[in-house]
Structure formats: structure tokens, C-alpha cells
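In: sequence-free structure coming up:
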């Protein structure tokens, strides 16, 4: 780390940069390329599901990939910073302070997507960006993130509800991570070092479920559209 930069300044730069990166509305930008404001079409959501329904599956896949990357890139860069011998925050698995800083950057990405400053703090539901930050917190979250991704695919295909798949994967993630962390406790350290990672997994799950509260209401009423229906709610 450059000696002329104070740790608090480097930390602030990472946090602000992560939020601004997470706030980039790729779904909206993709729509503009096609001359469409996806906020006025379909579910009105700027996420990948609505982008795919309004703009076509290739655009939906592109938006999903970009939303994943805007979580993955800042968190991976932060992980590299924490791996340096001169890191003032310590190292994850050894120092809880390092874990706290890492998840703060991850949280900034997710909150940027959910509440983007560019769009009056009205954003997406954070599923793809959450996946990106989970994969970026390597190796701690990566395996649990991949397992949760597989669960999302399976539940979505079986139920044909994107919202059900998203919420199921979100709720499962902290449970899967706890199991993976327990299996690797000798290499990763005890719970007192990793408690910020456990807490963040629970908070992310709660946020994703909260952002799907309108979907929950429609599921209870039996009117939630399935994949391919005209009103599929975007993520």
C-alpha cells in the first residue's frame, strides 16, 4: 500500500467506489441501447429477469453477467488488498477486522444495486450482484455461493418462479456457508474470526427476501407469474 495514503482514506475510496460500481444500472443502459426504458415495461425492474423479458434472452444474460461482475470485481480487488503483507486491516480468517472491511465493501456493492444514487435510490433486487460479491470473497464464500447458485437454478426450473428460486438460494446461503466454514475450521480459523462473514450471509439473505416482499404477496395470493408469463417480476 502506498505509504502516502492513510488506511482510512484507502478504505473510504474502496467503499465509495464499490457503491458507485454496484449502482451502475446495466439493465437500464441495455434498454437504452434498444431505445426502451425497461422501467416502463414489464415489471418495471432494472434487473436481468425483466431485461431478458423486455429486450430478449441474450440481453437478459448480458445484464445478469454485468450485474454479477459489478459485485465480483470490487470485492476481488479488496481481497487482493487484504492479501498484501502490508495490509493495515489484517487478513481474513486471522483477523475479524479484515473480514469486516471485506464485507463492508461487499455490502456497498449490493446496496449500490438496490439503492442506486443515479436512479433516485430505486434499483434492483440484488440477486446477481449478491452472487458476484459472494464469489469474490474467495475462498470463504465461493463454494457456498456456487452451491446456492445451483440451488437457484434447480428451484427456478422446478417451480418456474424466479422469485422462489432467488429467495430459496438466499435463505440457504448462510446455512451452507456455516457448514462449509465448519468443515474448514482448521484452515480458516475459529468462529470468532469469521463471525462477520456469518453475519453478512444472514443480512444478505434477509435483504434479498425483503426486496422480494411484493413477490411473496403475489405468491400468497396465487397470482405470481411464472417464467414465460407476461408479468414476470425481474430481479
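Out: Looks like it came in fine. Just so it is clear, the model here is predicted, and its values are computed rather than measured.

In: Let me see the contact set for the nearest residue to residue 17 once chain neighbours are set aside.
Out: Distances taken as Cβ to Cβ, 6 or more residues apart in numbering place residue 74 nearest to residue 17, at 6.4 Å, with adjacent residues excluded. Any C-beta I mention is one placed from the backbone N, CA and C, and that applies to glycine too. For residue 74, the contact set (Cβ atoms under 8 Å, 6 or more residues apart in numbering) comprises 14, 17, 18, 21, 22, 105, 108, 109, 136.

In: Tabulate these (a markdown table), appending secondary structure.
Out: Shown next, in a markdown table, are those (DSSP: H, G, I helix; E, B strand; the rest coil):
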| residue | secondary structure |
| --- | --- |
| 14 | helix |
| 17 | helix |
| 18 | helix |
| 21 | helix |
| 22 | helix |
| 105 | helix |
| 108 | helix |
| 109 | helix |
| 136 | helix |
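
In: Pick out whichever of those residues sits closest to residue 51.
Out: Ranked by distance to residue 51 (Cβ to Cβ), these are led by residue 22 at 16.6 Å.

In: what comes up buried for stretch 145-158?
Out: By 16 or more other Cβ atoms under 10 Å, the buried positions in stretch 145-158 come out as 145, 147, 148, 149, 151, 152, 155, 156.

In: make that stretch 106-121, sorry
Out: Those would be 106, 107, 108, 109, 110, 111, 112, 113, 114, 115, 116, for stretch 106-121 by 16+ other Cβ under 10 Å.

In: Show residues contacting that stretch.
Out: With Cβ under 8 Å, 6+ apart as the test, stretch 106-121 has contacts from 15-16, 18-25, 28, 46, 67, 70-71, 74-75, 78, 122-126, 128-130, 132-134, 136-137, 200, 203-204, 207, 211.

In: and if we set it to 6 Å?
Out: 15, 18-19, 22-23, 25, 71, 74-75, 123-124, 126, 129-130, 133 (Cβ atoms under 6 Å, 6 or more residues apart in numbering).

In: First-to-last residue distance for stretch 181-201?
Out: 12 Å (Cα to Cα, to the nearest Å).

In: How about stretch 19-32?
Out: 22 Å.

In: just for this protein, where's the confidence low?
Out: 1-5, 93-94, 189-192, 228-235 (pLDDT under 70).

In: all helices of it, in order?
Out: Secondary structure of the chain, counting by DSSP state H: helices at 7-22, 26-33, 48-55, 57-83, 96-114, 127-136, 142-159, 162-183, 185-188, 191-211, 213-221.

In: Would you mind reformatting those helices (as JSON lines) and adding columns for distance to residue 42 while you're at it?
Out: Output for those, formatted as JSON lines (distance: least, Cβ to Cβ, whole Å):
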{"stretch": "helix 7-22", "distance to residue 42": "22"}
{"stretch": "helix 26-33", "distance to residue 42": "10"}
{"stretch": "helix 48-55", "distance to residue 42": "5"}
{"stretch": "helix 57-83", "distance to residue 42": "11"}
{"stretch": "helix 96-114", "distance to residue 42": "18"}
{"stretch": "helix 127-136", "distance to residue 42": "16"}
{"stretch": "helix 142-159", "distance to residue 42": "17"}
{"stretch": "helix 162-183", "distance to residue 42": "12"}
{"stretch": "helix 185-188", "distance to residue 42": "42"}
{"stretch": "helix 191-211", "distance to residue 42": "17"}
{"stretch": "helix 213-221", "distance to residue 42": "14"}
